[in-house]
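In: Mind looking at a prediction? Sequence and model below.
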Amino acid sequence: MKKVKVLLLLGILCVWVVSCLAPKMFQPAAEKTTQATKPTAVEGVGAATLPTVDAVKTASTQFATIPMLPTKIPTLLPTLTPTIVSWVIRTPNAPVALPTVKANVDDLLKANGGCSLPCWWKIEPGKTSFTTAFNQLSPLTTFIAIRKSDDMDWLDAEFRFPEPEANSSQEITITYKVENEIIQLIEINPGDINQYRFSQLLKDYGNPEEVWVEGLIDPTSNNPFIVYFYYPQKGIIATFWVDAVDLGDKLQVCPGKISPIVLVLWEPDGFESFIDFTGNTYGLDYIRKENRSLISLEQSTNQTLVEISENNCFETPKKLWPVR
């Protein structure tokens with residue numbers, strides 16, 4: 001019995017030693033404790049409680065950073081399945097001449113195929129089959145890539161379409177997340193489309209249930225900020241990327257006339273917070289690494305959405321945001 005007690009004490013001692021050394025040995029530099037003055041670490045309304053990668057559904061950790069800002073367009077739709085397979089390039093069905101394609105894409109952009117978000121170009125999340133979408137859209141594409149799971153339960157598909165302007169070589173990218181042959185989620189990089197600009201989206205779809213502001217102070221990158229509109233009851237996330245202007249002790253952010261860099265659409269199936277949805281869908285581990293802050297609009301500024309829509313801009317105290 002005495003020997004057992006000794007072994008137990010030794011085991012406890014080892015655990016204590018490891019727990020003391022682990023933070024120093026393994027803690028990433030980007031996860032250092034934020035000063036108490038940072039609002040994103042404050043519990044309560046508007047404070048961001050973000051899930052970890054390993055336990056998105058069961059645990060949450062407070063921290064003051066969010067999505068990695070890419071050089072051009074962020075990819076907000078990584079696969080939810082751990083088994084990754086290679087992308088396979090597909091050939092469009094009966095491709096159409098480029099001028100005709102551009103005219104058709106222009107019509108789709110202007111009228112959205114006669115439907116409202118979260119429907120996109122007659123494709124409805126939760127209802128439309130991937131076969132239907134492929135047959136309908138592939139003649140208009142310049143590029144198609146597909147990857148499937150081994151058991152064929154899910155696939156990701158990326159379609160690219162030419163922008164309608166005659167002299168433009170830019171493309172519109174649409175990614176579909178498909179499960180059991182049904183499109184579940186659509187991610188669009190829509191380009192400069194007037195009907196989905198910040199102010200117009202508010203007029204057409206009303207105030208979002210949640211609005212979040214993400215950013216940091218980095219003069220070398222023009223102080224990049226992102227504003228998120230989250231409509232869980234409609235199945236819409238609109239992401240606006242805008243550079244903030246330094247006004248001394250404040251920053252000015254002007255998203256009013258900007259089109260979203262990304263629209264994420266899905267069939268709404270109940271209320272889920274922005275933090276839970278993005279954590280479960282994307283994983284937010286990169287937030288810490290980029291040392292960015294995610295703050296609710298209410299905490300970011302004393303201006304309302306109506307005022308921001310009318311003035312196209314809002315101001316936020318510089319002290320709220322981390323400096324790179």
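Out: Great, that's in hand. As the structure is a computational prediction, the values presented were derived from the model and not from experiment.
In: For the protein, which helix or strand comes out least confident on mean pLDDT?
Out: Of all helical and strand segments in the chain, the minimum by mean pLDDT, DSSP states H and E falls on strand 61-62, at a mean of 34.
In: got a list of contacts for the next helix or strand after it?
Out: Later in the chain than strand 61-62, the nearest helix or strand by DSSP states H and E is strand 88-90. For strand 88-90, the external contacting residues (CB atoms under 8 Å, 6 or more residues apart in numbering) are S138, F143, I144, A145, I146, R147. C-beta here means a position set from N, CA and C on the backbone, and glycine is covered the same way.
In: swap in stretch 172-185?
Out: 73, 77, 79-80, 105, 109, 120, 123-131, 133, 153-163, 186-191, 264-267, 281.
In: How far does that stretch stretch from one end to the other?
Out: Distance between the two ends of stretch 172-185: 17 Å, counting by CA to CA, to the nearest Å.
In: How far away from the center of its chain is stretch 136-146?
Out: 24 Å (CA atoms, centre = their mean, to the nearest Å).
In: Which neighbouring elements make contact with the helix or strand encompassing A133?
Out: Using DSSP H and E, A133 falls within helix 130-137. Using 3 or more CB pairs under 8 Å, 6 or more residues apart in numbering; DSSP states H and E, the elements in contact with helix 130-137 are strand 154-162, strand 171-179, strand 182-189.
In: quick one: low-confidence parts of this protein?
Out: The chain contains residues with pLDDT under 70 at 1-85, 93-94, 152, 282-288.
In: hmm, 90 instead?
Out: 1-98, 148-154, 165-170, 190-195, 216, 219-221, 269-272, 275-293, 324 (pLDDT under 90).
In: And the helices in it?
Out: 2-26, 98-111, 130-137, 198-205, 274-281, 286-290, 297-300, 305-311 (DSSP state H).
In: For the second one, buried residues please.
Out: The neighbour-count check on helix 98-111 (16 or more other CB atoms under 10 Å) flags V101, K102, N104, V105, L108, L109 as buried.
In: now the helices and strands packed on helix 130-137 in TSV, with distance to L251 and mean neighbour count?
Out: Output for the helices and strands packed on helix 130-137, formatted as TSV (distance: least, CB to CB, whole Å; neighbours: other CB atoms under 10 Å):
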stretch	distance to L251	mean neighbour count
strand 154-162	35	21
strand 171-179	30	20
strand 182-189	26	21
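In: Of all those, which one comes closest to W212?
Out: strand 182-189 (17.8 Å; CB to CB).
In: so the closest one versus helix 130-137, what angle?
Out: Interaxial angle, strand 182-189 versus helix 130-137 (axes from the mean of the first three to the mean of the last three CA atoms, to 10 degrees): 40 degrees.
In: what's the angle between strand 182-189 and strand 154-162?
Out: Going by the same axes, to 10 degrees, strand 182-189 makes 40 degrees with strand 154-162.
In: Cool, thanks, signing off.
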